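Asks: I would like the atomic coordinates for the input below:
(one chain, ligands or ions: 1)
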Amino acid sequence: MDDTSSRVTDTTAITHTTTQRKIPPMCQHQPPCPSADSADRESARLVAHHPEQGWSLLCNGVLLFEDTGELLPDGQIIAPHRSQVMTAA
Ligand SMILES: [Zn+2]
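Replies: This next block holds a predicted model:
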């Protein structure tokens, strides 16, 4: 009978330190615009505007679609929220 020695398999535990580094914002405004994870992210400035394609890029990396949907730089999708009425001051 072959006695299988209990080999300790060397589990190279790679400690995945999830370095939640934030994507460096493109914003170079002073004072800086609201970041992409801010609730006020839409008030960042436009760096690219493509109405013919239906999207705009804000300086904080947020893609703003004409249906008010958003795509955050980390891939998160914000559903359209048409309730927000643009009131001209
Ligand atoms: Zn900015």
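Asks: hey, let's count contacts and neighbours off CA atoms from now on
Replies: Noted.
Asks: which residues touch stretch 68-78?
Replies: Counting by C-alpha atoms under 8 Å, 6 or more residues apart in numbering, stretch 68-78 makes contact with Ile23, Ala36, Asp37, Gly61, Val62, Leu63, Leu64, Ala79, Pro80, His81, Arg82, all of which sit outside it.
Asks: can you list the weak-confidence ranges in this protein?
Replies: Across the chain, the ranges flagged by pLDDT under 70 are 1-25, 83-89.
Asks: which residues of it fall in helices?
Replies: Along the chain, counting by DSSP state H, no stretch forms helices.
Asks: Surely Met26 is in contact with Val47?
Replies: No: under the criterion of C-alpha atoms under 8 Å, Met26 makes no contact with Val47, lying 9.2 Å away.
Asks: Now list whatever residues contact both of those two.
Replies: Residues touching both Met26 and Val47 (C-alpha under 8 Å, 6+ apart) are Cys59.
Asks: Spell out which parts of the chain neighbour the ion.
Replies: If contacts are counted using C-alpha under 5 Å from the ion, the residues of the chain sitting beside the ion are Cys27, His29, Cys33, Cys59.
Asks: that older thread, with respect to the ion, which of the contacts of stretch 68-78 is nearest?
Replies: The shortest separation between the ion and any of these is 9.4 Å, and it belongs to Gly61 (by C-alpha to the ion).
Asks: Can you give me every residue that contacts that closest one?
Replies: By C-alpha under 8 Å, 6+ apart, the residues touching Gly61 are Pro25, Met26, Ala36, Leu72, Pro73.
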